[in-house]
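# this one's sequence-less:
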């Protein structure tokens, strides 16, 4: 009798598990990494670099893209991971743009970089509700590409070397909804 109860309980739990397997999934994350590396041998006090990222090159997105019904912006963060020389300072403006004719700005962040406190420290892009809505609309545009442009400008550069190297990493976290 006890074995029969265990078998029935297991059967009920297994059927519940399998029956819910095709339901909506939520909080499915897709990480979009943009790495922008500057390697300039210059005496100028300004450098600029632009890198692109195509969501179609993201393995997680590709695995589920046919089943994704909706995307939502969750967060965007950036971190300066490398600098050379070690005393390099400057003003950083990071911009993420749409891949369209005008390169519309999705969001941007600015800060004065101080290697003593900012190297390997992660910072949030702070988006307004309007920017989040604009970004979500871009993600869900039908027939459009899912390409983002990350642009970094560093101005007022000061450092003890003629060669200046800076690596900035930008990460976007998206939430996808759909069916499995």
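Cool, got the structure. Since the structure is predicted, the reported quantities are computational estimates derived from the model, not experimental observations.

# Isn't residue 149 up against residue 50?
Yes. Counting by CB atoms under 8 Å, residue 149 touches residue 50, with 5.9 Å between them. Heads up, the C-betas are built off the backbone N, CA and C, glycines and all.

# Can you pick out the residue with more neighbours from the two?
More crowded of residue 149 and residue 50, by other CB atoms under 10 Å: residue 149, with 18 against 13.

# Enumerate every residue touching the more buried one.
50, 51, 52, 96, 97, 98, 99, 103 (CB atoms under 8 Å, 6 or more residues apart in numbering).

# ok, now how distant is it from residue 170?
Going from residue 149 to residue 170 by CB to CB, to the nearest Å gives 11 Å.

# hey, what's in contact with both of the two?
In contact with both residue 149 and residue 170: residue 96, using CB under 8 Å, 6+ apart.

# Going by residue numbers, what spans are strands in this protein?
24-41, 47-54, 68-84, 89-98, 105-113, 123-124, 147-158, 163-179 (DSSP state E).

# Those strands: lowest mean pLDDT?
When those are compared by mean pLDDT, strand 24-41 comes last with a mean of 62.

# out of everything not next to it in sequence, what's closest to residue 160?
Leaving aside its chain neighbours, residue 160 sits nearest to residue 85 (4.9 Å; criterion: CB to CB, 6 or more residues apart in numbering).
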